[in-house]
Each structure stands twice: as C-alpha cells, then as structure tokens.
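> next input, structure requested:
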Amino acid sequence: MNGLPDVELDGPDDPVNGRAYQLPSTEAKAKPLTVQPGKAVGSDLSYLRNDDDPTGGWIPNEVLVTPPGSKTWIRAPWPVAAGSVLRQDGATHPGTFYGPLTPIS
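The predicted model follows:
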C-alpha cells in the first residue's frame, strides 16, 4: 500500500458547504506499507470541536475512507461521543486533518 487515503466526513446538509466535508491530510509523507493478512493499518484524525455553537454544531454521521489505490469507500459511523466538528472548508491551515497510514499492532 502506498500513498494517503482520502477521508471525508458525511453529515447533515450544511447551508453553506453541503453534506460532505473533504478533509485535508497532514504534510507528513506516506511511506509504503505491506499489510499482511490479518493485520491492519490506521490513520490519526485530528479535528476541532464546535462546542460553542448554540445549535449543537455540525455533527457528522459517517467517516468515509478510500484506501490508496482503491475507488471504494470504507464507511464507519461517527462516534456520538466525538461531538460536533468545526468545519473549515477551504481553510489554508485547517485544524481538522488526518495523517498517513501506520500499522496497528
């Protein structure tokens, strides 16, 4: 496996930005990984919460991940305890981003 996944948050329709929030990756370089059968890889996701929004903020429904070299999403529910996300669509230095894939032991 070589490269970065694509990561998107899908949630309720935001009047300005829509349902999908395409996340940027960190500037860290991805290293080629060999994933043996029965093993897994993961990526760290950092995000800014939006707890100050009186409406409760934008809370994603799912995290959608496309592994490098694939065209198929892997879907995972957004954990309820994770709360709302401050959307920064188009920001030059957003506080919400993900890192390269790393082995999970």
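
> need the longest strand for this structure.
Identified as the longest strand of the chain according to DSSP state E is strand 6-14.

> for that one, what is the distance to the chain centroid?
Put simply, strand 6-14 sits 9 Å off its chain's centre (Cα atoms, centre = their mean, to the nearest Å).

> repeat that for stretch 29-41.
Worked out by Cα atoms, centre = their mean, stretch 29-41 lies 18 Å from the chain centre.

> quick one on the thing from earlier: list the pairing partners of the longest strand of the chain within its sheet, with orientation.
The pairing partners recorded for strand 6-14 under DSSP bridges are strand 18-22 (antiparallel), strand 62-66 (antiparallel).

> so which of those strands is the most packed in?
strand 62-66 (a mean of 18; mean count of other Cβ atoms under 10 Å). For glycine as for every other residue, the C-beta is placed from the backbone atoms N, C-alpha and C.

> residues touching whatever helix or strand comes next after that strand, excluding its own?
Downstream of strand 62-66, the next assigned helix or strand under DSSP states H and E is strand 74-77. With contact meaning Cβ atoms under 8 Å, 6 or more residues apart in numbering, strand 74-77 is reached by 61-67.

> now with 10 Å, please.
With contact meaning Cβ atoms under 10 Å, 6 or more residues apart in numbering, strand 74-77 is reached by 5, 10, 60-67.

> out of the strands paired with strand 6-14, which is closest to residue 90?
The closest approach between residue 90 and any of the strands paired with strand 6-14, judged by Cβ to Cβ, belongs to strand 18-22 at 10.1 Å.

> so what's the closest residue in space to residue 8 that isn't next to it in sequence bridging to?
Spatially, and ignoring its direct neighbours in sequence, residue 8 is nearest to residue 64 (4.5 Å; Cβ to Cβ, 6 or more residues apart in numbering). Going by DSSP bridges, residue 64 is paired in beta bridges with residue 8, residue 75.
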